[in-house]
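**Student:** no sequence for this one, just the structure:
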């Protein structure tokens, strides 16, 4: 099992210190992921920027959660699934949505299920989705902008999921109660 250093403001490279201070201010703590990313200031900056851009996309809190968690679960990220479970609670997303995403079961809301399906199609097929897939997504009420915004969310989650796999990042204490393992691994 690999690990990478989790930095704090004192141990981080100079260029990361301000970014970690921003993280502390925004989150009330420095998430362990941000501490790991601080080892290379540009990836921490990229992650924070992508996060901010994605949260300003056309997606509402439920839709943001669907994209984030569908990717986290597909990538089997031991850190991000519990973190985004806690974040979804803070965003007042219905627990039934979060549990369906964590358990890889279809969502009751047809539009959200179409979003989950398209997100997984993009991830699993590395962007090679069919016109039929796109048409089904559009028929559910989404458009071309949302296809592109899924890719924005995927960009953010690829950074965090892959870094957490390599770093074996410890889940932050507030999110430990939401620990998760893929069903086949239980």
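**Tutor:** Okay, I see it. Keep in mind that what you see is a predicted model, and the values were worked out from it rather than measured.

**Student:** Show me the shaky parts of this structure.
**Tutor:** For the chain, the stretches with pLDDT under 70 are 1-2, 185-186.

**Student:** which residues does the residue nearest the centre of the chain contact?
**Tutor:** The centroid of the chain falls nearest to residue 68 when counting by C-alpha atoms, centre = their mean (3.7 Å). Under the criterion of C-beta atoms under 8 Å, 6 or more residues apart in numbering, the neighbours of residue 68 are 80, 84, 87, 153, 157. Glycine gets a C-beta too; all of them are placed from N, C-alpha and C.

**Student:** Once you drop chain neighbours, what's closest to residue 113?
**Tutor:** Nearest residue to residue 113 in three dimensions, chain neighbours excluded: residue 107, at 4.3 Å (C-beta to C-beta, 6 or more residues apart in numbering).

**Student:** What of residue 23?
**Tutor:** Sequence neighbours aside, residue 34 is the residue nearest to residue 23 in space, at 4.5 Å (criterion: C-beta to C-beta, 6+ apart).

**Student:** So that neighbour sits against residue 22, correct?
**Tutor:** No. Counting by C-beta atoms under 8 Å, residue 34 does not reach residue 22; the two are 9.3 Å apart.

**Student:** Pull up the overlap in contacts between these two.
**Tutor:** Jointly contacting residue 34 and residue 22 under the rule C-beta under 8 Å, 6+ apart are residue 48.

**Student:** Looking at these two, which has the bigger crowd around it?
**Tutor:** Between residue 34 and residue 22, residue 34 has the larger neighbour count (other C-beta atoms under 10 Å), namely 26 against 15.

**Student:** Contacts only, for the more buried one.
**Tutor:** Neighbours of residue 34 in contact, by C-beta under 8 Å, 6+ apart: 19-20, 23, 27, 44, 47-48.

**Student:** now, which of those residues lie within strands?
**Tutor:** Among those, no residue falls in strands (DSSP state E).

**Student:** Any of the residues you listed buried? List them.
**Tutor:** In the contacts of residue 34, burial by neighbour count holds for 19-20, 23, 44, 47-48, counting by 16 or more other C-beta atoms under 10 Å.

**Student:** Would you check which pair of these lies furthest apart?
**Tutor:** Spanning the widest gap among the buried ones among the contacts of residue 34 are 20 and 47, at 12.0 Å by C-beta to C-beta.

**Student:** now for the lengthiest helix in the chain, which elements pack on it?
**Tutor:** In terms of residue count, the longest helix belonging to the chain (DSSP state H) is helix 144-167. If you count contacts as 3 or more C-beta pairs under 8 Å, 6 or more residues apart in numbering; DSSP states H and E, helix 144-167 packs onto helix 32-37, helix 41-55, helix 61-74, helix 80-90, helix 110-124, helix 131-139.

**Student:** Got the domain ranges for the chain?
**Tutor:** Using automatic domain parsing, the domain ranges for the chain come out as 14-54, 59-185.
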